[in-house]
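Student: when you get a sec, could you give me coordinates for this:
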Amino acid sequence: MMRLIRIHIFLFLLFLQVIPARAQQRFWEDVVQITGVTMTADSLRAIPDVNITVKNKNRGVTSSHYGVFSIVVAKGDTLSYTAMGFRPKEYVVPDDIEGRYFNVVQLMVQDTFYLPETIIRPRPFGDFDYAFKYWDVPEDYYSIAQRNTADEIMSMMLRDLPRSGRENQGYLQREQGNQAIYYGQQRPVGILNPLKWNEFFQAWKRGDFRKKK
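Tutor: Just a heads-up that it's a prediction; the model follows:
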C-alpha cells in the first residue's frame with residue numbers, strides 16, 4: 001500500500017514539473033520579433049515618430065527618423081499605428097509565422113484635421129489702457145535668456161566667478177605648450193622685452209600692485 005502511494009506521489013510531482021516546462025516552451029514558440037518600416041501609401045515616403053503599440057497591452061515603440069521600428073510581440077497580437085496627420089492603422093500578427101523574425105511594411109494614409117474655430121474680439125478702449133498699464137505679463141524664455149546674457153551680467157560673472165575645472169585645465173595645457181617650445185634651448189629673458197615693460201606700466205597704472213584690503 002505504501003509503495004502504491006509513493007508511486008502516485010512521484011507521478012504527481014513529475015506531472016507538476018512537466019506542465020510548466022511545456023507551458024514555457026509554448027510561450028517561447030509564440031514570441032516573434034517584428035521589424036518594419038512605416039511609409040506613406042501614395043509616395044512611399046518614410047514616416048518618422050509613429051507610435052506602434054500592442055493593443056490591450058501597456059507596451060510599444062516609436063519609429064525612427066527613417067520610419068524603422070522593431071518590437072517583440074506574441075503571435076495573434078494586434079499592433080496599433082498612430083501618427084499626427086495620418087489615419088490610425090491596425091495590424092494583426094499572423095498565427096502561422098515560421099521562425100522568430102518577421103518583416104512588415106506598414107502603409108499609412110494622410111488625413112486632415114480640422115480644429116474648432118477661434119473668435120478674436122477687440123477689447124473696449126478703456127480696458128485696453130488699463131491692461132496695458134497694470135497687467136502683469138509673464139516673461140517668456142527668450143526675454144529671460146536676453147536678460148541673463150546681458151553685457152553687464154556677463155562682465156560681472158567673468159570678473160567675480162572663479163575659473164572652472166575645464167578653464168584651469170586649458171590654462172595649464174597652454175602653459176605646458178609654451179614651455180615645450182623652448183626645450184633644449186635658453187628661454188628668453190622678459191626684462192629685455194618692451195612688450196612686457198608696457199604690460200608692467202599698464203598694470204601699475206591700474207593699481208594691480210596695490211594691497212587689497
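Student: let me know the average pLDDT across stretch 75-88.
Tutor: Averaged across stretch 75-88, the pLDDT comes to 90.
Student: please identify the buried residues of it?
Tutor: Going by neighbour count (16 or more other Cβ atoms under 10 Å), the buried part of stretch 75-88 is 77, 79, 81, 83, 86. Quick note: C-beta positions are derived from backbone N, CA and C, even for glycine.
Student: stretch 85-100 now?
Tutor: In stretch 85-100, the ones that count as buried by 16+ other Cβ under 10 Å are 86, 89, 91, 93.
Student: close enough to count as contact, residue 66 and residue 49?
Tutor: No: using Cβ atoms under 8 Å, residue 66 is not in contact with residue 49; the gap is 11.1 Å.
Student: which of the helices or strands spans residue 88?
Tutor: Per DSSP states H and E: residue 88 is located in strand 86-92.
Student: and the next helix or strand after that strand, which residues are buried?
Tutor: Later in the chain than strand 86-92, the nearest helix or strand by DSSP H and E is strand 101-108. Neighbour-count burial for strand 101-108, counted by 16+ other Cβ under 10 Å, picks out 102, 106, 108.
Student: distance to residue 148 for these - can I get that in JSON lines?
Tutor: Shown next, in JSON lines, are the buried residues of strand 101-108 (distance: Cβ to Cβ, whole Å):
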{"residue": "102", "distance to residue 148": "53"}
{"residue": "106", "distance to residue 148": "46"}
{"residue": "108", "distance to residue 148": "44"}
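Student: nearest to residue 144 among those residues?
Tutor: The closest of these to residue 144 turns out to be residue 108 (Cβ to Cβ; 40.0 Å).
Student: where do the strands sit along the chain?
Tutor: Along the chain, the stretches classed as strands by DSSP state E are 31-40, 51-54, 60-62, 68-74, 78-83, 86-92, 101-108.
Student: the fifth one: how far from the chain's middle?
Tutor: Meaning strand 78-83. Distance of strand 78-83 from its chain centroid, counting by Cα atoms, centre = their mean, to the nearest Å, is 22 Å.
Student: over to the second one?
Tutor: A distance of 19 Å separates the centroid of the chain from that of strand 51-54, by Cα atoms, centre = their mean.
Student: then that strand to CSV, C-alphas only?
Tutor: Below are the C-alpha coordinates for strand 51-54, written out as CSV (Å, rounded to 0.1, in the frame of the first residue of the first chain):
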residue,chain,number,x,y,z
ASN,A,51,3.6,55.2,-32.2
ILE,A,52,3.4,51.5,-32.5
THR,A,53,1.6,49.9,-29.5
VAL,A,54,0.4,46.4,-28.7
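Student: in its sheet, which strands sit next to it, and in what direction?
Tutor: strand 60-62 (antiparallel), strand 78-83 (antiparallel) (DSSP bridges).
Student: ok so, going back, now the strand holding residue 88 - C-alpha only, PDB.
Tutor: Below are the C-alpha coordinates for strand 86-92, written out as PDB (Å, rounded to 0.1, in the frame of the first residue of the first chain):
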ATOM      1  CA  PHE A  86      -2.300  60.100 -40.600                       C
ATOM      2  CA  ARG A  87      -5.200  57.800 -40.200                       C
ATOM      3  CA  PRO A  88      -4.700  55.100 -37.500                       C
ATOM      4  CA  LYS A  89      -4.000  51.600 -38.700                       C
ATOM      5  CA  GLU A  90      -4.100  48.200 -37.100                       C
ATOM      6  CA  TYR A  91      -2.200  45.000 -38.000                       C
ATOM      7  CA  VAL A  92      -2.900  41.500 -36.600                       C
END
